[in-house]
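Participant: would you be able to build a 3D model of this:
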Amino acid sequence: MSILSDEIRYLLLKHLEQNPSLTQRELAEVLGISLGKTNYCLNSLIEKGWVKARNFRRNKKKLGYAYLLTPNGVEEKAQVTLQFLKRKQQEYDELVKELETLREEAALLTSVETGE
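Facilitator: So this is what the prediction gives:
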């Protein structure tokens, strides 16, 4: 599996669209991934032309960047959002089936134990 999974790509694009001034450290924390992986993934998005980094020239820290989604990035976010939603819906459907099976097994075990 690629380091830049659909889920990470979706979450990165989502968080950057909502708050372009997040630092890489803040993104890493929000996503629950390492700073190095965050840097790699951001650079990958930049190379693909989905995100561009703008340096805040007047920023006192001189390290502040804004990560802005490009028009292609907005389009990619829409596509990856649909893919992510589809995958999560499939996981949900499978979980509902598994829960139903477990309920049936539990009911069967309960009836055997109580002699019903």
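Participant: check the gap between Gly49 and Glu76 for me.
Facilitator: Counting by CB to CB, to the nearest Å, the gap from Gly49 to Glu76 is 9 Å. From N, CA and C alone the C-beta is placed, and that goes for glycine too.
Participant: helices or strands next to the one helix or strand Leu109 maps to in the packing?
Facilitator: According to DSSP states H and E, Leu109 maps onto helix 71-114. Helices and strands touching helix 71-114, by 3 or more CB pairs under 8 Å, 6 or more residues apart in numbering; DSSP states H and E, are helix 6-18.
Participant: which other helices and strands contact the helix or strand just after the helix it packs on?
Facilitator: Following helix 6-18 in sequence order, the next helix or strand is helix 24-31 (DSSP H and E). With contacts taken as 3+ CB pairs under 8 Å, 6+ apart, helix 24-31 sits against helix 6-18, helix 35-47.
Participant: what sits against the residue with the largest distance to the centre of the chain?
Facilitator: Taking CA atoms, centre = their mean, the residue of the chain most remote from its mean C-alpha position is Gly115, at 48.5 Å. Listed by CB atoms under 8 Å, 6 or more residues apart in numbering, the contact set of Gly115 is empty.
Participant: so where's the protein uncertain?
Facilitator: Residues of the chain that meet the criterion pLDDT under 70 lie in 1-4, 56-64, 116.
Participant: Gly49 and Glu76: which is more packed in?
Facilitator: When Gly49 and Glu76 are compared for neighbours, Glu76 comes out ahead with 20 against 12, by other CB atoms under 10 Å.
Participant: from memory the more buried one sits against Leu13, does it?
Facilitator: Yes - at 6.7 Å, Glu76 counts as touching Leu13 under the criterion of CB atoms under 8 Å.
Participant: measure how buried Leu31 is and give me the count.
Facilitator: 16.
Participant: cool, and Val51?
Facilitator: Number of residues near Val51 (other CB under 10 Å) recorded here: 25.
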